[in-house]
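Undergrad: What would the 3D arrangement of this be:
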Amino acid sequence: MTVQVALLESWTEDDVAELAAVTVDCVDGGASVNFLRPMATQDAVAWWMSALSDPHALTWVARDDDGAIVGCVRLGLAQQPNGRHRGEVGKMLVHRRVRGRGAARALLEALESWAADHGRHRLVLDTETGSDAEQVYRRLGWTRVGDIPDFALTADGDLTSTTYYTKSLLTG
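TA: Residues are numbered from 1 along each chain as shown. Now for the predicted structure:
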């Protein structure tokens, strides 16, 4: 399987349904991404309809050989006058059936390339402490900056720590 990544500049109902399916799969798999399991598909659809309407955030999608969305990542663009050089990475989701095949790397590389080209050279993200995602971020050059105990709930509703990461896209 090859993965094609692109910025989702416009979307269809099918795109929203596929993003919702990826979200439900990740939450059902235990990902702590702001939702609890079991997650209803209609809740994921409603969340994506709202999120995709946000003019201050961008979404990249990874598609498989059949064109189906199998992953995504979002970049929230800081709007403060003193923060227009930074962005917050969120909703880094890859369907369980395609994990380990480079989708996360391709998504983050596309996001980072766009951010660097548009002056967003300081990126931040958070993830559940001890999650598999932490290993992905470390491998891709992100720097751990700290933990906040009991900051979020796991997909099952238990308190968990959150770890923050940052990455500078400045060269030289």
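Undergrad: Please tell me I have it right and residue 92 contacts residue 73.
TA: Yes: contact between residue 92 and residue 73 holds when scored by C-beta atoms under 8 Å: they sit 4.6 Å apart. Every C-beta, even on glycine, is put in place using the N, C-alpha and C of the backbone.
Undergrad: shared neighbours, those two?
TA: 107, 108 (C-beta atoms under 8 Å, 6 or more residues apart in numbering).
Undergrad: residue contacts, residue 64?
TA: Listed by C-beta under 8 Å, 6+ apart, the contact set of residue 64 reads 1, 2, 3, 70, 98.
Undergrad: low-scoring stretches of this protein, by residue?
TA: Confidence mapping of the chain against pLDDT under 70 gives the ranges 172.
Undergrad: what residue lies at the spatial centre of it?
TA: residue 92 (2.0 Å; C-alpha atoms, centre = their mean).
Undergrad: which residues in this structure form strands?
TA: With DSSP state E, the ranges of strands along the chain come out as 4-7, 57-63, 69-77, 86-94, 122-128, 143-153, 159-168.
Undergrad: Out of these, which gets nearest to residue 39?
TA: strand 86-94 (11.9 Å; C-beta to C-beta).
Undergrad: what's in contact with that closest one?
TA: Counting by C-beta under 8 Å, 6+ apart, the neighbours of strand 86-94 from elsewhere in the structure are 22-23, 26, 31, 33, 51, 59, 62, 70-78, 103-104, 107-108, 111, 115, 120-125, 127, 133.
Undergrad: Present the strands of the chain as CSV; the columns should include distance to residue 46.
TA: As requested, these are exported to CSV (distance: least, C-beta to C-beta, whole Å):
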stretch, distance to residue 46
strand 4-7, 23
strand 57-63, 16
strand 69-77, 16
strand 86-94, 14
strand 122-128, 23
strand 143-153, 20
strand 159-168, 24
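Undergrad: Figure out which of these is closest to residue 17.
TA: Between residue 17 and the strands of the chain, the tightest spacing by C-beta to C-beta is seen for strand 69-77, at 9.0 Å.
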